[in-house]
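K.L.:
The sequence and its predicted three-dimensional model are supplied below.
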Amino acid sequence: MCRNIRTLFNFDPPATDEEIHAAAIQYVRKITGYNKPSKANEEAFNRAVNEVAMITRNLLDTLETGAEPRNREVEAERARVRAAKRFGTS
């Protein structure tokens with residue numbers, strides 16, 4: 001379930017609100033065990049997603065590093081190469 005959570009820190013351009021929200025959804029899904037919450041739990045689920053997203057944005061905005069920002073295309077290509085080696089695909 002959490003395979004869709006990606007590293008969001010130290011990219012140029014910085015992580016978008018959509019990327020942060022997607023990571024928050026995956027996190028809340030993982031810890032609750034819900035892919036989609038019931039009507040009774042929907043409000044609490046959505047509130048948790050929004051709070052996790054807000055906290056994540058605050059975290060990313062306050063972290064500091066001396067490393068050069070990573071390039072999204074280079075990182076995506078590295079992931080494809082790792083997947084090809086792991087799963088034997090091209």
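P.N.:
Perfect, I can see it now.

K.L.:
Check which helices and strands the longest helix along the chain sits against.
P.N.:
In the chain, taking DSSP state H as the definition, the longest helix is helix 39-62. Here helix 39-62 touches helix 17-32, going by 3 or more Cβ pairs under 8 Å, 6 or more residues apart in numbering; DSSP states H and E. Any C-beta I mention is one placed from the backbone N, CA and C, and that applies to glycine too.

K.L.:
how far off helix 39-62 does the helix it packs on point, in degrees?
P.N.:
If you take axes from the mean of the first three to the mean of the last three Cα atoms, to 10 degrees, helix 17-32 sits at 130 degrees to helix 39-62.

K.L.:
and the longest helix of the chain, how far from the chain's centre?
P.N.:
Counting by Cα atoms, centre = their mean, to the nearest Å, helix 39-62 is centred 12 Å from the centre of its parent chain.

K.L.:
If you count neighbours, what's buried in it?
P.N.:
45, 48-49, 52-53, 56-57, 60 (16 or more other Cβ atoms under 10 Å).

K.L.:
contacting residues for Arg57?
P.N.:
17, 20 (Cβ atoms under 8 Å, 6 or more residues apart in numbering).

K.L.:
Repeat that for Asn10.
P.N.:
Counting by Cβ under 8 Å, 6+ apart, Asn10 touches 63, 65, 67, 69-70.

K.L.:
so which of these is the most crowded?
P.N.:
Among those, Arg70 has the most neighbours (other Cβ atoms under 10 Å), with 14 neighbours.
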